[in-house]
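# Quick one, fold the following:
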Amino acid sequence: MEYFNTFIKAVFIENMIFAYFLGMCSYLAISKTVKNAVGLGIAVIFVLGVSVPICYMLENYILKAGALKWLSADLAAVDLSFLSFIVFIATIAAIVQLVEMVVEKFAPALYAALGIFLPLIAVNCSILGGALFMQEREYATMGEATVFGLGSGVGWFLAIVAISAIREKIRYSNVPAPLRGLGITFIITGLMGIAFMSFMGIKF
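Next up, the predicted model:
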């Protein structure tokens, strides 16, 4: 039940896009078509689902104060938490590199369509945000951290697929010239963010 609650909160209540507006650069750039949005969304789910539990293990067994006591009692006082940012970023970059190679091998058309934004997942603030939220919230188990990572990825996936579907539809709408493109996209994103605030009333 705890895992289910964590997943639902990550998808709807603490959505990376609509609650924290993290990962907006690729969200806005790739959401022109549903096909590309789905491809990038799946990649983000994978990267978050893998990087968050790996960062959890690094945090709890290497980085935080006393984490190295499993190696030796003499290391119980060592605190490497100041390395969190660089270690998390390096971990995410390695996982993104793996995703990039897989997409290039098995989906070259999608790889070409995503362009520079696929390797830029490495600096997508929603990915690093997932690792830092995990660190801040101090999840009790790696399973809970993994569920949080997957839920955050699914939430980001839903956000980019929803906005891409809307953007495909409004191409045929009579949008005022000054608002065409990113203007109307920002407005719709804000309205969707307000709509997602209604999920905050869910009690767990």
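
# Only C-alpha atoms from now on, for both contacts and neighbour counts.
OK.

# quick one: low-confidence parts of the protein?
Where the chain drops to pLDDT under 70, the residues are 123, 201-204.

# what about the helices in it?
For the chain, applying DSSP state H gives helices covering 2-8, 24-30, 34-58, 84-106, 108-114, 125-137, 142-170, 182-196.

# any chance of these in TSV, plus mean neighbour count and distance to residue 65?
TSV is the format used below for the helices of the chain (neighbours: other C-alpha atoms under 10 Å; distance: least, C-alpha to C-alpha, whole Å):
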stretch	mean neighbour count	distance to residue 65
helix 2-8	17	26
helix 24-30	18	33
helix 34-58	22	12
helix 84-106	16	12
helix 108-114	16	40
helix 125-137	20	13
helix 142-170	23	18
helix 182-196	15	37
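
# Turn those into TSV, including distance to residue 68.
Below are the helices of the chain laid out as TSV (distance: least, C-alpha to C-alpha, whole Å):
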stretch	distance to residue 68
helix 2-8	28
helix 24-30	37
helix 34-58	10
helix 84-106	15
helix 108-114	40
helix 125-137	17
helix 142-170	17
helix 182-196	41
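
# Of these, which is nearest residue 73?
Residue 73 sits nearest to helix 34-58 of all those, at 18.4 Å, using C-alpha to C-alpha.

# Does anything pack onto the closest one? Which helices or strands?
helix 24-30, helix 84-106, helix 108-114, helix 125-137, helix 142-170 (3 or more C-alpha pairs under 8 Å, 6 or more residues apart in numbering; DSSP states H and E).

# Please repeat the previous calculation with a cut-off of 7 Å.
Helix 34-58 is packed against helix 84-106, helix 108-114, helix 125-137, helix 142-170, with contacts defined by 3 or more C-alpha pairs under 7 Å, 6 or more residues apart in numbering; DSSP states H and E.

# Any chance you could list what contacts the second one?
Where contact means C-alpha atoms under 7 Å, 6 or more residues apart in numbering, the residues beyond helix 108-114 that reach it are 36, 39, 103-104.
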